[in-house]
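Peer 1: I'd like to go over a predicted model; first the sequence, then the structure.
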Amino acid sequence: MSDTEPQTAGGKVLWHFTMSLDGFVAGPNHEMDWVAGASFRPSLVDEYVETTGAVLGGRDGWDHYPDPGGIYGGAWKGPLFVLTHHPEDATPADGVTFLSCDPAEAVRIGLEAAGGKNLEVFSPTIGRQLLELGLIDEIDLHIAPVLLGEGIRLYDNPGGEPIRLHRLGEGDPASVVNVRYRPATTAKVPE
């Protein structure tokens, strides 16, 4: 399986996450330590730093990681928008704007601030809402070779209709992506 083409700055709304093989983008309580040790393409962070004009996140994520300087290891600088129902009790920070509006308006504000670059969405809940509104241009996932078993899912919509996706790149856009892993540790058979 080959990697996707490098991300470009085309003013897209990009739902972007590293995800466990079983579909979680964070562990319980927004834990992210499971990403440590994952190997990414060497130029990947630079690619996103260069193409990201603004970031839209949710209040839960902000409350667990209130550090706008930590995006892409501190390499990215730009406007960060946090969508919340209660901006009055959010922890303020330089470069962060708390929005209390509908998701479509948050996208309009974020894209304007992105100045022709991409608006990255770092929230499963907001991403789901934007997907339902037809406002997600691309979903960019990095699947880490780990099974978490619990946590915060990328997409959670019990009882909802399936959302069909088209894979970008060469080949059939409806084709299945095949991945194959083996456990890093295996149990010893008792003697």
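Peer 2: Received the coordinates, thanks.
Peer 1: can you map out the strands along this structure?
Peer 2: 13-20, 24-26, 52-58, 80-83, 96-99, 118-122, 138-144, 152-153 (DSSP state E).
Peer 1: all helices of the protein, in order?
Peer 2: Secondary structure of the chain by DSSP state H: the helices cover 44-51, 59-64, 103-114, 124-132.
Peer 1: Can I get those in TSV including mean pLDDT and distance to residue 84?
Peer 2: The C-beta positions use only the backbone N, C-alpha and C, and glycine is treated the same way. What follows is the helices of the chain, written out as TSV (pLDDT from 0 to 100; distance: least, CB to CB, whole Å):
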stretch	mean pLDDT	distance to residue 84
helix 44-51	94	24
helix 59-64	94	4
helix 103-114	98	10
helix 124-132	95	10
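Peer 1: what's the most buried one of the strands of the chain?
Peer 2: Ranked by mean neighbour count, these are led by strand 118-122 with a mean of 27 (mean count of other CB atoms under 10 Å).
Peer 1: Partner strands of that one and their direction?
Peer 2: In the sheet, strand 118-122 lines up against strand 13-20 (parallel), strand 52-58 (parallel) (DSSP bridges).
Peer 1: Figure out which of those strands is closest to residue 68.
Peer 2: strand 52-58 (8.3 Å; CB to CB).
Peer 1: Compute the distance from the centre of the closest one to the centre of its chain.
Peer 2: Between the mean C-alpha location of strand 52-58 and the chain-wide mean there is a distance of 10 Å, by CA atoms, centre = their mean, to the nearest Å.
Peer 1: just stretch 135-155 next, same as before
Peer 2: With CA atoms, centre = their mean, you get 7 Å for stretch 135-155.
Peer 1: Which residue, neighbours along the chain excluded, lies closest to residue 11?
Peer 2: Once flanking residues are discounted, residue 11 sits nearest to residue 116: 5.2 Å by CB to CB, 6 or more residues apart in numbering.
Peer 1: With residue 149 instead?
Peer 2: Distances taken as CB to CB, 6+ apart place residue 22 nearest to residue 149, at 6.7 Å, with adjacent residues excluded.
Peer 1: cool, and residue 32?
Peer 2: Of all residues not flanking residue 32 in the chain, residue 26 sits nearest, at 6.0 Å (CB to CB, 6+ apart).
Peer 1: what sits against that neighbour?
Peer 2: The contact partners of residue 26, taken as CB atoms under 8 Å, 6 or more residues apart in numbering, are 32, 61, 151-152.
Peer 1: tally of neighbours for residue 8?
Peer 2: Residue 8 sits with 12 neighbouring residues when counted by other CB atoms under 10 Å.
Peer 1: Burial check on the residue nearest to residue 51 when sequence neighbours are not counted, number of neighbours?
Peer 2: Excluding its sequence neighbours, the residue lying closest to residue 51 (CB to CB, 6+ apart) is residue 9, at 3.8 Å. Residue 9 sits with 17 neighbouring residues when counted by other CB under 10 Å.
Peer 1: how about the strands of the chain in TSV, adding mean pLDDT and distance to residue 129?
Peer 2: Output for the strands of the chain, formatted as TSV (pLDDT from 0 to 100; distance: least, CB to CB, whole Å):
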stretch	mean pLDDT	distance to residue 129
strand 13-20	95	11
strand 24-26	96	15
strand 52-58	97	10
strand 80-83	98	9
strand 96-99	97	13
strand 118-122	97	10
strand 138-144	94	14
strand 152-153	96	14
